[in-house]
Structure formats: C-alpha cells, structure tokens
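# Model the structure of this input:
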Amino acid sequence: VQLQASGGGLVQAGGSLRLSCAASGRTFSTYIMGWFRQAPGKEREFVAAIRWSAGSTYYADSVKGRFTISRDNPKNTVYLQMNRLKPEDTAVYYCAAGTLGGSSPLAYAYWGQGTQVTVSS
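Down below sits the predicted model:
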C-alpha cells in the first residue's frame, strides 16, 4: 500500500491550498481515509476523514467550515481543500488509511510521507 501526499506549500493567512493523497496497492472501498497534521513540538492531530465507499465526512472542530475532504474514486485520490488558512494551520500534513476510522492515529494502518503547509501572517 502506498499513499502519496502532495500539494503543500507557503501561503498567506486567508489563502487556500488543496492537498492530494494518491492511494495505490489495494482496493480502498472499505477504508476510511484521514488527514492528520503535526506541528513542531506537538502531537499528531486529526484533521478530517472520509469513508471511501459512502463518502461520509468527519472534521476536527478547529477546521470545520474551512476545510473540505473529498475523494475521486476513479483516480483513487483523496483531497483536502483548505480555505481561510490561519498561521496555526502550519504543520506537516499526512494522509492515512485504515479500517477503523476515528480521530486517533492508532486507528490508521497506512501513512503517506507528509507534505509541509506553512501559513504566514
């Protein structure tokens, strides 16, 4: 299983970025795909998740209303559209896949390599 995250970069506060996570190596129809982030000196935290088959979505309170998770089934890709970015969103963002779902990193068996998002004030 491979998860390839991309789309990070430097953006000013109030701006937008779209992260992509290309998944390969197995069928993900029964999986929950998640996005997590980790800032320097902090623990990895849940951002958003989506059930691949049903499309049900889940968000951390800190990003609700600003971030949108979606998936493209034919492309086996999950996206995280991030709008109205704030300096506190600065972190390395990771995509993950698991069958349990939820907000704990322990529930996800597969991880991508991470992509840096930096929001300047």
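
# Residue 64 is in what secondary structure piece?
Counting by DSSP states H and E, no helix or strand carries residue 64.

# In contact with the most centrally placed residue in the chain, which residues are there?
With distances taken as Cα atoms, centre = their mean, the residue of the chain nearest its centroid is residue 35 (2.4 Å). Going by Cβ atoms under 8 Å, 6 or more residues apart in numbering, residue 35 touches 19, 21, 47-49, 69, 78, 80, 93-96. (C-beta placed from N, C-alpha, C; glycine too.)

# Not counting residues beside it along the chain, what's closest to it?
Sequence neighbours aside, residue 47 is the residue nearest to residue 35 in space, at 4.3 Å (criterion: Cβ to Cβ, 6 or more residues apart in numbering).

# And for residue 4?
residue 22 (4.5 Å).

# how many other residues sit next to the residue nearest to residue 35?
Residue 47 has 25 neighbouring residues, counting by other Cβ atoms under 10 Å.

# again with residue 73
Around residue 73 there are 11 residues (other Cβ under 10 Å).

# cool, residue 18 as well?
When neighbours are counted by other Cβ under 10 Å, residue 18 registers 14.

# coming back round to it: turn the contacts of residue 35 into JSON lines, including secondary structure, distance to residue 2 and pLDDT.
JSON lines is the format used below for these (DSSP: H, G, I helix; E, B strand; the rest coil; distance: Cβ to Cβ, whole Å; pLDDT from 0 to 100):
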{"residue": "19", "secondary structure": "strand", "distance to residue 2": "16", "pLDDT": "98"}
{"residue": "21", "secondary structure": "strand", "distance to residue 2": "10", "pLDDT": "97"}
{"residue": "47", "secondary structure": "strand", "distance to residue 2": "20", "pLDDT": "98"}
{"residue": "48", "secondary structure": "strand", "distance to residue 2": "21", "pLDDT": "98"}
{"residue": "49", "secondary structure": "strand", "distance to residue 2": "19", "pLDDT": "98"}
{"residue": "69", "secondary structure": "strand", "distance to residue 2": "19", "pLDDT": "98"}
{"residue": "78", "secondary structure": "strand", "distance to residue 2": "13", "pLDDT": "97"}
{"residue": "80", "secondary structure": "strand", "distance to residue 2": "18", "pLDDT": "98"}
{"residue": "93", "secondary structure": "strand", "distance to residue 2": "17", "pLDDT": "98"}
{"residue": "94", "secondary structure": "strand", "distance to residue 2": "14", "pLDDT": "98"}
{"residue": "95", "secondary structure": "strand", "distance to residue 2": "11", "pLDDT": "97"}
{"residue": "96", "secondary structure": "strand", "distance to residue 2": "12", "pLDDT": "97"}
